[in-house]
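> output the structure for:
(chains A, B and C)
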Amino acid sequence: MKYWLMKSEPDEFSIDDLQRCTEQKTAWQGIRNYQARNFLRDQVSINDLVLFYHSSCKVPAIVGLAKVSQPAQADSSAFEPSSPYFDLKSDPNAPRWVEVELTFIAKFVNQISLKQLKADVNLADMMLVTKGARLSVQPVKESEFNYILSLCEH
DNA sequence: GCCAACGTTGGC
DNA sequence: GCCAACGTTGGC
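Okay, here's the model as predicted:
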């Protein structure tokens, strides 16, 4: 069992959108960064747990929990010319980008803001709060994950 | 909207 | 393979 943090702009796709999806599942498409892609492709496994993070919004925060319900497969949006994620260089015979499927688990009543995360000495080493951590798919240590969940339950 | 910090591209 | 120019992310 591994733990991840995945970012989404709530204007594009929020935790509420995930909860409203059919069967509360969605294809996590549009990752166009090689380091993030490599995590998705090589390390993210079915049943891994995912902290859902809202970025580029008024209060950036960890807002909920999801799980990986399907492992990596070709990101079909890369082949759709009408998609904002279209990538001419992704060959269907050798897909450059991958997607996973996420399933909603919970929306946190106590959302943990970036400000709060940064101020917490217990999370000083968390990738999200280290300088310049722009990765949209990040590994989270088990200790960090459990600690964050404990904050959300307060 | 600004801009720092990264990431990518492409000429050489 | 270097690196300048350009593009993107994302907090503020």
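> can you pull the residues of chain A lying near DNA strand C?
Proximity of chain A to DNA strand C, by Cβ under 7 Å from any atom of the strand, involves residues A:7, A:9, A:32-33, A:55-57, A:60, A:114-115, A:118, A:134-136. Heads up, the C-betas are built off the backbone N, CA and C, glycines and all.
> hang on, A:Ile62 packs against A:Phe52?
Yes - judged on Cβ atoms under 8 Å, A:Ile62 makes contact with A:Phe52 at a distance of 7.0 Å.
> one step back: what's the most distant pair in the residues of chain A next to DNA strand C?
Across the residues of chain A next to DNA strand C, the longest distance by Cβ to Cβ is 27.9 Å; it joins A:Arg32 and A:Lys115.
> which one's more surrounded, those two?
Taking other Cβ atoms under 10 Å, A:Arg32 and A:Lys115 do not tie; A:Arg32 has more neighbours (16 against 11).
> pLDDT value on that one, please?
We have a pLDDT of 93 for A:Arg32.
> just A:Gly132 next, same as before
Reported pLDDT for A:Gly132: 77.
> which residues does it contact?
Listed by Cβ atoms under 8 Å, 6 or more residues apart in numbering, A:Gly132 has no contact partners.
> low pLDDT regions in chain A?
Filtered on pLDDT under 70, chain A yields the residue ranges A:154.
> name the residues that touch the longest helix that chain A contains?
Counting residues, the longest helix found in chain A (DSSP state H) is helix A:142-152. Contacts to helix A:142-152, defined as Cβ under 8 Å, 6+ apart, come from residues A:3, A:49, A:51, A:62, A:65, A:108-112, A:116, A:122-123, A:125-126, A:140.
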